[in-house]
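Visitor: below are the sequence and a predicted model for it; my questions follow.
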Amino acid sequence: MSDTPADQELARDLGFLEAYTIGVGTMIGAGIFVLPGIVAENAGPAGMISFLIGGFVSLLTALSLSELATGMPKAGGSYYYVNRAMGSFFGSIVGWSMWGGLMFATAFYMLGFGQYLTFFYGNMPVAASALVMAAMLVGINYRGVKEVGAFQNIIVILLIGCILVFLSFGVFNIDWDVFQPFNPSGWGAVAATAATVYVSFVGFEVIATSAEEIKNPGRNLPLSMIASVLTPTIFYVFVMLVSTGVLPVAELAESYIPVADVAREYLGPIGALMMVLGAVLATVSSANASILSAARVNFAMGRDKILTSWLNKIHSQYRTPFRAILITGAVILGLIAFGVGLETLADVASFSFLVTYMLVHVAVIVMRRAQPEDYDPDFKIPTWAYPTIPIVGAISCLVIVTQMRPMVLFVGTCIILVGIIWYLAYAIRHATKPSLVGDAIAARDRSPAPSERYRIVIPIANPKTEQHLIQVGGIIGSSFGDAEIVALSVLEVPQQTSLEQGIQFEDDRIKRQKELLDNARKTAQDAGIGLRTRALVSHSVSSSVLNVLKEERAQHLVLGWSGKRKPYQHILGSNIDNIVNNAECEISLVKAGNDPVQNIVVLVGTGPNSALAIKRGQDFKENTDDATLTLLTVQEPTGEDSAVDPQQEGKGLISSMAHQVGVDENSYSSKVIISDDVRQALLDNIDEYDTVIIGATRSTAVRQALFGSIPEEIGEKSDANVIITRGREYKPRTVTEGIIERLSR
């Protein structure tokens, strides 16, 4: 069999040094060349303290990001972590903030590039130079030039060399008398300036996005992130020290090319030229990295359905997300063309990332308290420092934001409002990430189940179908060894009737309930299946079933199903809807057909439960004498000039899915149907089978109400046994549920 995506894994090729180099290369960029003049004007020599503050806040963020990145190593960085921990509402805010921040930062870098070009031609228009270079970078990323990555490493080495030369000679030319007064504008100005310089510290997150590729991530990822924050912080502070110690603050503040003018004082024209070339390389490198990062944020938002997948369209020739790159580039060019000031661009970018990192710190606390099963970080903030680090980090980000100018606060708030409005207008109907905040408020009981047995709950209500349901439960349980079935019967009484009255005055119904459970025991005994019964009287069938699932710590729920619902039930819901929507365990929705299980077909697609359906089909085949198993998929036809063969695509999909769940290729036959109408093709090709197994889809409620999902339509129109499978789903509490649970303890 050929290799498939299921066989592939990401190689961990990055050690500490490689990860550290990635971070340092992103951090030592445009800010160190462009900002000294602005910082000196706002805070005087004390501006170096502003860089220290930025480094301290970044160090706290690096620790929180290290934990999240090793626990959730996936593309998207801070956006993904916040979206996973706090849900799509905050995910939309952070996604738009990161996207906006990266675009403002890129415009800032490009204006810095334009300013340093005036070294060669004093009358050269800064904005025009910035526009031309920004357009070139957008074009490079549109085409996906491969050599850019290698060129980036050379730039890093040259930049570090330039800065070391600048500092080595500059420290001996400092006039220490100029540091009086050291802090002419007060500590408020120092704090406000820390907000401006924070744009220089936003690059270390690139290490977190590479977590899947780092060797020994529990050690190397936090160490490389901490080191990649400390190194540039030291550089920033000493560059500011030399700059304000060599050139008077007034001259530094008026300079378009501050670091070059400082170098001219003690290294002459050659030194100035060296720093200009360094600045040009740094601004171009930082801008290019920001455009790439913006495209990745777009991809992650599109993957999570917060943004439309239209933006994630890949160019047929260049294989780049060209739409996201073009829209990002258009906004960057617009910011430059409209004359937004250099300091404002830096401040808005800093605002966006400070808001993002504030929520990153909150996300660490949420994940620690909610403890979702798939969150197992290789690195955790030490016990003695948790929750101090995320709390201090979040407060520090907030304090810096509050020191910003009203104009910056207004623009930054507008970006946040765009994220909120977009969520309410679009993402709320498409995004699927729930918030874990409710579980963080009232953490769940994660203690192990009282028994190691695989437990299957089967609600029974119809004597005609209970035998079939018990047999299905037995087949499912057989692959787990000593499984136990809990047969549940719920007698529902009106809200106006007390439960005790229901027991006393519902003799006939209680008698039928007892008969149902007795029959279930007999069926299980005849089949050699371990079974226990429970009889409940309740005001709500669905609530009782859900409560029993929690009490029993059940791994599986088998639900009987008639195959169709009345129209009003599509809109108002039914017991099945409530149970399926809220049960966290694996579910099999079973409709009994007219014939015994013998000829099984599993409908294979790209849905989230397709592989599980194949596994279930194999279970039925292995536990039924002489049964056959067919895996069927429908592929859309391609044009005559297409190199893609839909038959081969379909067989490859089936093979990959079967391999994913460990089903041997000799135990099934493949069938690929080519058709434009997937729904009708499936309905036309299942008549020859007595048992149809299909994975549950994720159609929206509106779509199901108007058209019916494909599995539901098959259940309604087919006379076969139909089994719809759905995998285990984590259902976090809402914030309201979390508060209620917390108060009720």
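Guide: Thanks, I have the structure now. Given the structure is predicted, the values throughout are model-derived calculations rather than measurements.

Visitor: whichever strand or helix holds residue 276: how far from the chain's middle?
Guide: With elements taken from DSSP states H and E, the one containing residue 276 is helix 258-303. The chain centroid and the centroid of helix 258-303 are separated by 30 Å under C-alpha atoms, centre = their mean, to the nearest Å.

Visitor: just checking, next helix/strand downstream of it?
Guide: Next along the chain after helix 258-303, taking DSSP H and E as the criterion, comes helix 322-337.

Visitor: other SSEs contacting that following helix?
Guide: Where contact means 3 or more C-beta pairs under 8 Å, 6 or more residues apart in numbering; DSSP states H and E, helix 322-337 is packed against helix 88-117, helix 126-143, helix 258-303. Where C-beta positions appear, they are placed from N, C-alpha and C, glycine not excepted.

Visitor: what mean pLDDT does it get?
Guide: For helix 322-337, mean pLDDT is 92.

Visitor: what angle do it and helix 88-117 make?
Guide: Orientation of helix 322-337 against helix 88-117 (axes from the mean of the first three to the mean of the last three C-alpha atoms, to 10 degrees) gives an angle of 50 degrees.

Visitor: how many degrees apart are helix 322-337 and helix 258-303 in direction?
Guide: Per the same axes, to 10 degrees, the angle that helix 322-337 makes with helix 258-303 is 140 degrees.

Visitor: residues in contact with helix 322-337?
Guide: 99, 102-104, 106-107, 110-111, 127, 130-131, 134-135, 137-138, 141-142, 291, 294-295, 298-299, 310-315, 345 (C-beta atoms under 8 Å, 6 or more residues apart in numbering).

Visitor: try stretch 303-312
Guide: Residues external to stretch 303-312 that are found in contact with it (C-beta under 8 Å, 6+ apart): 75-76, 80, 83, 88, 91-92, 95, 298-299, 301-302, 321, 323-324, 327, 422-423, 426-427, 430-433.

Visitor: how far away from the center of its chain is that stretch?
Guide: Offset of stretch 303-312 from its chain centre (C-alpha atoms, centre = their mean): 12 Å.

Visitor: go on, stretch 713-730?
Guide: With C-alpha atoms, centre = their mean, you get 29 Å for stretch 713-730.

Visitor: so for that stretch, what gets flagged as buried?
Guide: Residues of stretch 713-730 classed as buried: 713, 714, 715, 718, 720, 721, 722, 723, 724, 725, 726, 729 (neighbour count, 16 or more other C-beta atoms under 10 Å).

Visitor: also stretch 476-494?
Guide: Using 16+ other C-beta under 10 Å as the test for burial, stretch 476-494 gives 476-478, 483-493.

Visitor: need the pLDDT of the residue nearest the centre of the chain.
Guide: Centroid check for the chain by C-alpha atoms, centre = their mean gives residue 80 as the closest residue, at 3.2 Å. According to the prediction, residue 80 has pLDDT 88.

Visitor: ditto for residue 360
Guide: 96.

Visitor: and it, what does it touch?
Guide: 61, 64, 65, 68, 78, 81, 82.

Visitor: so of the residues you listed, which ones are in helices?
Guide: 61, 64, 65, 68, 78, 81, 82 (DSSP state H).

Visitor: shouldn't the second one be in contact with residue 387?
Guide: By that I understand residue 64. No. Using C-beta atoms under 8 Å, residue 64 is not in contact with residue 387, being 10.2 Å away.

Visitor: how far off centre is stretch 106-115?
Guide: In terms of C-alpha atoms, centre = their mean, the centre of stretch 106-115 is set 31 Å apart from its chain centre.

Visitor: quick one: contacts of it?
Guide: Under C-beta under 8 Å, 6+ apart, the answer for stretch 106-115 is 29-30, 33-34, 124-131, 133-134, 199, 256-257, 279-280, 283-284, 286-287, 290-291, 294, 332, 335-336, 340, 342, 345-346, 349.

Visitor: would you mind measuring from residue 466 to residue 524?
Guide: Residue 466 sits 10 Å away from residue 524, going by C-beta to C-beta, to the nearest Å.

Visitor: need the overlap of contacts for the two.
Guide: With C-beta under 8 Å, 6+ apart, residue 466 and residue 524 have common neighbours residue 487.

Visitor: low-confidence regions, the stretch 451-600 of the chain specifically.
Guide: Along the stretch 451-600 of the chain, segments meeting pLDDT under 70 span 451-452, 495-507, 563-575.

Visitor: at 90 instead, please
Guide: By pLDDT under 90, the low-scoring segments of the stretch 451-600 of the chain are 451-454, 460-485, 487-555, 559-585, 589-598.

Visitor: measure residue 436 to residue 544 for me?
Guide: Counting by C-beta to C-beta, the gap from residue 436 to residue 544 is 26 Å.

Visitor: ugh, wrong one, I meant residue 283
Guide: Counting by C-beta to C-beta - residue 283 and residue 544 are separated by 65 Å.

Visitor: the two: which is more packed in?
Guide: For residue 283 versus residue 544, neighbours defined as other C-beta atoms under 10 Å are more numerous around residue 283 (28 against 22).

Visitor: quick check: the more buried one vs residue 33, distance?
Guide: Residue 283 is 7 Å from residue 33, by C-beta to C-beta.

Visitor: do residue 678 as well
Guide: Where residue 33 is concerned, residue 678 sits at a distance of 56 Å (C-beta to C-beta).

Visitor: ok, those two, which is more surrounded?
Guide: The neighbour count for residue 678 versus residue 33, taken as other C-beta under 10 Å, is higher for residue 33 (31 against 16).

Visitor: check what pLDDT the closest residue to the more buried one other than its chain neighbours gets.
Guide: Once flanking residues are discounted, residue 33 sits nearest to residue 279: 3.8 Å by C-beta to C-beta, 6 or more residues apart in numbering. Residue 279 carries a pLDDT value of 90.

Visitor: my guess is residue 279 contacts residue 28. True?
Guide: No. Counting by C-beta under 8 Å, residue 279 sits too far from residue 28 to count as a contact (11.8 Å).

Visitor: distance check, the residue nearest to the centre of the chain against residue 696.
Guide: 25 Å.

Visitor: helix, strand, or coil at the nearest residue to residue 731 once chain neighbours are set aside?
Guide: Excluding the flanking residues, the one nearest residue 731 by C-beta to C-beta, 6+ apart is residue 584, at 4.9 Å. Counting by DSSP: H, G, I helix; E, B strand; the rest coil, the backbone at residue 584 sits in coil.

Visitor: many thanks, have a good one.
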